[in-house]
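[1] My questions are about this predicted structure, shown below with the sequence.
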Amino acid sequence: MKKRLLGILFCLLMLSFVLAGCGKDTQTSGKGGKKVGVAMPTKDLQRWNQDGDNMKKELEAAGYKVDLQYANNEIAQQVSQLENMITGGCDILVIASIDGDSLGTVLADAKKADIPVIAYDRLIMKTDAVSYYATFDNYMVGAIQGQYIADQLDLENAKGPFNIEIFTGAPDDNNTHFFYGGAMDILNPYIESGKLVVVSGQKKFEEVATLKWSTEEAQKRMENLLTAYYADGTKLDAVLSANDSCAIGISNALVNAGYTSDNFPILTGQDCDITSVKNILAGTQSMSIFKDTRTLAAQVVKMVNAIMNGEEVPINDTETYDNDTGIIPTYLCKPVFADESNYKEILIDSGYYTEDELK
Ligand code: BGC
């Protein structure tokens, strides 16, 4: 009797091992245990942390293993992380590059190993190893910023002239050319007609680029411009800033020079970083482009799934993004702007931030 009972117990034990094993198996082999390498540029900016977190969460929910790395804005570090992803068995790479021109050699190894590459947010240049690109419409980002300035100053109707200074982003980021191009296509006609005056005269791409998108660099340049061209009381009416990390530096310089929410120049931004949204509410920045990183991450996960399953990959642009080896098929998400008038709807009702986070 005792023997029989022990036998039954033993069988039950074995059965539970088998069942637990099966469960485990289905979990890790959801995608056959496929691994996605996700390379992000830096933890310094809020947006890349959100991008990385969203990608990891979504990919894991879809059954993938994820190797997520941040590279401290150091190109060499990103290259070595990618080498490790390639040798470490990643089946596909999703890369937000630091310098779009510096990944050719390492990605040649990815191509040799048949590992597809999705360029995330920033296009990777001069390599035929890039299979797809997913981003927000970068030209539209710049155009919305330019149009915001035109609308706020009512450039169509107001007599002017209005004084403006221009700041764009890192020169080694391919996106920067699109942000600058989109904004200047709107602003240039007003500059040419004299309604907008760039008092410093600095408007060429190389003159207005901001190394590494650095807040400190932007602040320093704005301080120098204020000292050199505005110390005599000349009023600054608008500053085009390509993103929030630059806008924060510019805003600091303007506040230090005595501008207040009552006479603050129109100041643009991008990313809706919390610091910038707080500045918008305080009147020391005017707007920021909202790029919902949840949307981009979800789109990239769809692309990863399609590539891994050999299905048609969702894209909506086959004309705009040439990385010097040919056009890279792209999915463009749509940017919108948030300012004081609509931030509740855009940022809070959408669940992106809570009211408390913006206090
Ligand atoms: C991104 C922006 C970001 C900037 C600085 C650009 O490539 O598109 O959203 O503000 O990099 O990190």
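    Thanks, I have it. Everything numeric in this text was worked out from a predicted model, so none of it was measured.

[2] where's the residue in the stretch 251-359 of the chain positioned nearest to the ligand relative to residue 359, distance?
    When scored by CB to the nearest ligand atom, the stretch 251-359 of the chain has residue 271 as its residue closest to the ligand, at 4.7 Å. (C-beta placed from N, C-alpha, C; glycine too.) In this view, residue 271 and residue 359 are 19 Å apart by CB to CB, to the nearest Å.

[3] Residue 266: what's it in contact with?
    Residue 266 makes contact with 148, 149, 152, 153, 237, 238, 239, 286, according to CB atoms under 8 Å, 6 or more residues apart in numbering.

[4] try 7 Å
    Applying CB atoms under 7 Å, 6 or more residues apart in numbering, we find residue 266 in contact with 149, 152, 153, 237, 238, 286.

[5] beta partners for residue 332?
    Beta bridges link residue 332 to residue 135 when assigned by DSSP bridges.

[6] Any figure for the gap between it and residue 272?
    Relative to residue 272, and taking CB to CB, residue 332 is found at 19 Å.

[7] if you count what's nearby, which of the two comes out ahead?
    Neighbours per residue (other CB atoms under 10 Å) separate residue 332 from residue 272, with residue 272 holding more: 26 against 19.

[8] Can you name the residues of the protein that neighbour the ligand?
    By the rule CB under 6 Å from any ligand atom, the part of the chain lying against the ligand is 45, 47, 121-122, 169, 173, 175, 213, 243, 245, 270-271, 291.

[9] Looking at the contacts of residue 266, which is nearest the ligand?
    residue 286 (16.6 Å).

[10] My understanding was that the closest one contacts residue 267; is that so?
    Yes. At 5.1 Å, residue 286 and residue 267 qualify as touching, with contact defined as CB atoms under 7 Å.

[11] More neighbours: which of these two?
    Using other CB under 10 Å as the criterion, residue 286 and residue 267 rank with residue 267 on top: 29 against 25.

[12] didn't that one look like it was pressed against residue 246?
    No. Between residue 267 and residue 246 there is no contact under CB under 7 Å: 9.8 Å.

[13] residue ranges of the helices in the stretch 101-250 of the chain, please?
    For the stretch 101-250 of the chain, applying DSSP state H, counting those that start in this stretch gives helices covering 104-112, 138-152, 174-193, 205-208, 215-225, 244-256.

[14] Please identify the most buried of these.
    Highest mean neighbour count of the helices of the stretch 101-250 of the chain: helix 244-256, a mean of 24 (counted as mean count of other CB atoms under 10 Å).

[15] mind saving the C-alpha coords of that one as PDB?
    Taking C-alpha atoms only, helix 244-256 is exported to PDB below (Å, rounded to 0.1, in the frame of the first residue of the first chain):
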ATOM      1  CA  ASP A 244      14.600  70.500 -26.100                       C
ATOM      2  CA  SER A 245      18.200  69.800 -25.000                       C
ATOM      3  CA  CYS A 246      19.200  72.900 -26.900                       C
ATOM      4  CA  ALA A 247      16.100  74.900 -25.900                       C
ATOM      5  CA  ILE A 248      16.800  74.300 -22.200                       C
ATOM      6  CA  GLY A 249      20.300  75.900 -22.600                       C
ATOM      7  CA  ILE A 250      18.900  78.800 -24.700                       C
ATOM      8  CA  SER A 251      16.100  79.300 -22.200                       C
ATOM      9  CA  ASN A 252      18.600  79.400 -19.300                       C
ATOM     10  CA  ALA A 253      20.700  82.100 -21.100                       C
ATOM     11  CA  LEU A 254      17.600  84.200 -21.900                       C
ATOM     12  CA  VAL A 255      16.400  84.000 -18.300                       C
ATOM     13  CA  ASN A 256      19.900  84.900 -17.000                       C
END
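
[16] Now do it: which elements does it pack against?
    Judged by 3 or more CB pairs under 7 Å, 6 or more residues apart in numbering; DSSP states H and E, helix 244-256 is in contact with helix 215-225, strand 238-241, strand 266-267, helix 274-282.

[17] Export those to CSV and append columns for mean pLDDT.
    Shown next, in CSV, are these (pLDDT from 0 to 100):
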stretch, mean pLDDT
helix 215-225, 98
strand 238-241, 99
strand 266-267, 98
helix 274-282, 98
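
[18] possible to save those as TSV with distance to residue 31?
    Compiled in TSV, those are given as follows (distance: least, CB to CB, whole Å):
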stretch	distance to residue 31
helix 215-225	39
strand 238-241	41
strand 266-267	45
helix 274-282	34
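
[19] OK, contacts around residue 93?
    Counted by CB under 7 Å, 6+ apart, residue 93 has contacts 37, 39, 82, 85, 110, 115, 117.

[20] Does it fall in a helix, a strand, or a coil region?
    With DSSP: H, G, I helix; E, B strand; the rest coil as the basis, residue 93 sits in strand.

[21] Run through the bridge partners of it.
    With DSSP bridges as the criterion, residue 93 is bridged to residue 37, residue 117.

[22] Helix or strand with the lowest mean pLDDT in this structure?
    Every helix and strand in the chain was compared by mean pLDDT, DSSP states H and E; the lowest is helix 2-28, with a mean of 47.

[23] if we can go back for a sec, now render the helices of the stretch 101-250 of the chain as a markdown table, adding distance to residue 344.
    Listed next are the helices of the stretch 101-250 of the chain as a markdown table, based on distance: least, CB to CB, whole Å:
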| stretch | distance to residue 344 |
| --- | --- |
| helix 104-112 | 43 |
| helix 138-152 | 18 |
| helix 174-193 | 26 |
| helix 205-208 | 33 |
| helix 215-225 | 27 |
| helix 244-256 | 19 |
